[in-house]
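> just coords:
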């Protein structure tokens, strides 16, 4: 999937970075076309029938070509739309169209094969193809059952050329405490991923893309590799309970420091990096012994009360007077109390991390049964902070199971300011959701690995361009949503007062399970 060396521009002002469309695209697609040459009489009906309509536009997929008097399937995987027009018109039964075995092997109910292929397409071109589902999965719940009201009516097809450029910026510091406000051009930044859980090349890809978009990515709890220093203005330093690789230098160079108190994918469990991922280089950065499994305790052992929490936040504010402090918490039933406590502790950003986030290394029993789903936690936190009259003094970033541009917009419509994105960036890099992330050589895509050979499956410049392209597509989708809702900017999408549901409806959203 890797092509030539790619180039993108780091904007000096607001414009988004340049899109590079790959010359070599993904070869896994939904449908597979075969021709029985013993039955084909080369009549040409299949060529004429190989069309489809997207909106009012007729598209010729050109799945077939006639060469030397024979019909051949031309680039069949990426061309076929599954319309079966060719099968219907073939009088001799020479054609068959079926789901590709590779397509059937992809994904899971939350990350369906269609959603993966759509994300790959966006990473290749910077656009949504319209061929695959790019908004929801097949989980039967969560954001997959929530829609914007305009989606229940007949929608005009999004047209990138006719869309107006909308204001999708958010501010990360609202406390007016003398620290930088930090404005992002889009309402997202990259989530925490540790060196050891993913390769150095993945971390570099994400950092380069963050610099291009003028947003951020996070080190996770695996320390701060020297190779990221060149991107320090766009790298968040995470301090987790194991304190791996954390020192005063990494704190002082950061514009944002995130204190990870809990992760939605495994609240109450802490972290576990298996021994075969603790290579000598990982061990050096984490300041541990190689080839020994690493455990992060669940709590910070110096934080057992609200007063401890306050002192903990202030410690890092004192260490770096220019840094914003983000507090990352999971979503217990009293997440509203956690939120107000973090506000009074002095946090600039509160990241609420729901269940279903994390890579395939997080145990399913934890992801599916402990933390509150993020779509429930957001309105609880938002409403309580509104009641306490402090909502506009802290930035709420949602994470945990947010996969698409529409998921981000739904999170904002429920009460968040923006979202922290993890898995989607990895899918853009080629993740197939095989969920074998915990082993050193377990990841066939070279993403969740520390193997010195497999890691080179990801070229950082190539990987960065794919993430850049994905966010280009997401930006167009946010522009489309705002235009459909007649809003001037994405901040207007967030409710200004307490969340109130009425017959399954709330702030431009509807829940399909509660419509009368």
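Received, thanks. Only a predicted model underlies this, so the values are computations on that prediction, with no experimental measurement involved.
> buried set for the helix or strand encompassing residue 375?
Remark: residue 375 resides in helix 374-387, with elements defined by DSSP states H and E. For helix 374-387, a neighbour-count test (16 or more other CB atoms under 10 Å) marks 374-386 as buried. C-beta coordinates here come from the backbone N, C-alpha and C atoms, glycine included.
> Just give me how far the helix or strand that it is followed by sits from the chain centre.
Once the chain leaves helix 374-387, the next helix or strand it forms, by DSSP H and E, is strand 395-399. How far strand 395-399 lies from its chain's middle: 14 Å, per CA atoms, centre = their mean, to the nearest Å.
> Could you tell me the angle between strand 395-399 and helix 374-387?
Interaxial angle, strand 395-399 versus helix 374-387 (axes from the mean of the first three to the mean of the last three CA atoms, to 10 degrees): 170 degrees.
> between the helix or strand following strand 395-399 and strand 395-399, how many degrees?
Where DSSP H and E defines the elements, the next helix or strand beyond strand 395-399 is helix 405-414. Relative orientation of helix 405-414 versus strand 395-399 (the same axes, to 10 degrees): 140 degrees.
> tell me which strands and helices helix 405-414 is in contact with?
strand 146-148, helix 374-387, strand 418-421, helix 460-484, strand 509-511 (3 or more CB pairs under 8 Å, 6 or more residues apart in numbering; DSSP states H and E).
> residues making contact with that helix?
For helix 405-414, contacts defined as CB atoms under 8 Å, 6 or more residues apart in numbering pick out 134-136, 143, 146, 148, 187-188, 374-375, 378-379, 382, 398, 401-402, 418-419, 421, 473-475, 477-478, 481, 490, 493-495, 499, 506-509.
> now do 7 Å
135, 143, 146, 187-188, 374-375, 378-379, 398, 402, 418-419, 474, 477-478, 481, 490, 493-494, 499, 507-509 (CB atoms under 7 Å, 6 or more residues apart in numbering).
> What of stretch 491-510?
The contact list for stretch 491-510 (CB under 7 Å, 6+ apart) reads 146-149, 152, 170, 379, 382-383, 386-387, 409-410, 412-415, 417, 485, 487, 511, 514-516.
> Mind doing that once more with 8 Å?
146-150, 152, 167, 169-170, 379, 382-383, 386-387, 409-410, 412-417, 481-482, 485, 487, 511-516.
> In CSV: the buried residues of helix 374-387, plus distance to residue 305 and pLDDT.
Shown next, in CSV, are the buried residues of helix 374-387 (distance: CB to CB, whole Å; pLDDT from 0 to 100):
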residue, distance to residue 305, pLDDT
374, 26, 93
375, 30, 94
376, 27, 93
377, 23, 94
378, 26, 96
379, 27, 95
380, 22, 95
381, 21, 96
382, 25, 96
383, 25, 95
384, 20, 96
385, 21, 97
386, 26, 96
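> Reformat those residues into a markdown table and put distance to residue 88 next to each item.
Listed next are the buried residues of helix 374-387 as a markdown table, based on distance: CB to CB, whole Å:
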| residue | distance to residue 88 |
| --- | --- |
| 374 | 44 |
| 375 | 42 |
| 376 | 46 |
| 377 | 49 |
| 378 | 47 |
| 379 | 48 |
| 380 | 52 |
| 381 | 53 |
| 382 | 52 |
| 383 | 54 |
| 384 | 58 |
| 385 | 58 |
| 386 | 57 |
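> Apart from its neighbours in sequence, what residue is nearest residue 113?
In space, residue 113 comes closest to residue 106 once its chain neighbours are excluded; the distance is 3.9 Å by CB to CB, 6 or more residues apart in numbering.
> Correct me if wrong: that neighbour contacts residue 28.
Yes: here residue 106 reaches residue 28: they are 7.1 Å apart, a contact under CB atoms under 8 Å.
> Walk me through the domains of the protein.
31-99, 170-267+308-514 (automatic domain parsing).
> Nearest approach to residue 20 belongs to which of those?
Nearest to residue 20, of all the domains of the chain, is domain 170-267+308-514, at 5.1 Å by CB to CB.
> Pull the distance from that closest one to the chain's centre.
On CA atoms, centre = their mean, the centre of domain 170-267+308-514 falls 9 Å from that of its chain.
> about what we covered before: apply the buried test to the contacts of stretch 491-510 and list what passes.
146-148, 167, 170, 379, 382-383, 386, 409-410, 412-417, 481-482, 485.
> Not counting its neighbours along the chain, what's nearest residue 285?
Closest residue to residue 285 apart from its sequence neighbours, by CB to CB, 6+ apart: residue 223 at 4.0 Å.
> how close does the one you found sit to residue 138?
Going from residue 223 to residue 138 by CB to CB, to the nearest Å gives 37 Å.
> Could you give me the buried positions within stretch 214-225?
Buried residues in stretch 214-225 (16+ other CB under 10 Å): 214, 215, 216, 217, 218, 219, 220, 221, 222, 223, 224, 225.
> Could you double-check that the third one sits in contact with residue 237?
No: using CB under 8 Å as the test, residue 216 is too far from residue 237 to be in contact (10.5 Å).
> Can you tell me the SS state at the most centrally placed residue in the chain?
Residue closest to the average C-alpha location in the chain (CA atoms, centre = their mean): residue 424, at 2.9 Å. Secondary structure, DSSP: H, G, I helix; E, B strand; the rest coil: residue 424 is helix.
> Grab the nearest non-local neighbour of it.
Leaving out its chain neighbours, the residue that sits closest to residue 424 by CB to CB, 6+ apart is residue 403, at 5.5 Å.
> how far away is that neighbour from residue 110?
7 Å.
> mean confidence for stretch 407-419?
What stretch 407-419 shows for mean pLDDT is 97.
> Please verify my assumption that residue 421 contacts residue 187.
No: contact criterion CB under 8 Å: residue 421 and residue 187 do not qualify, at 10.1 Å.
> Specify the beta-bridge partners of residue 167.
Applying DSSP bridges to residue 167 gives these bridge partners: residue 489.
> do the same with the one 4 residues further on
Listed beta-bridge partners, residue 171: residue 183 (assigned using DSSP bridges).
> what are the ranges of the strands in the stretch 201-350 of the chain?
Shown for the stretch 201-350 of the chain, the strands assigned by DSSP state E, counting those that start in this stretch span residues 217-218, 235-239, 256-260, 271-273, 294-296, 324-329, 349-353.
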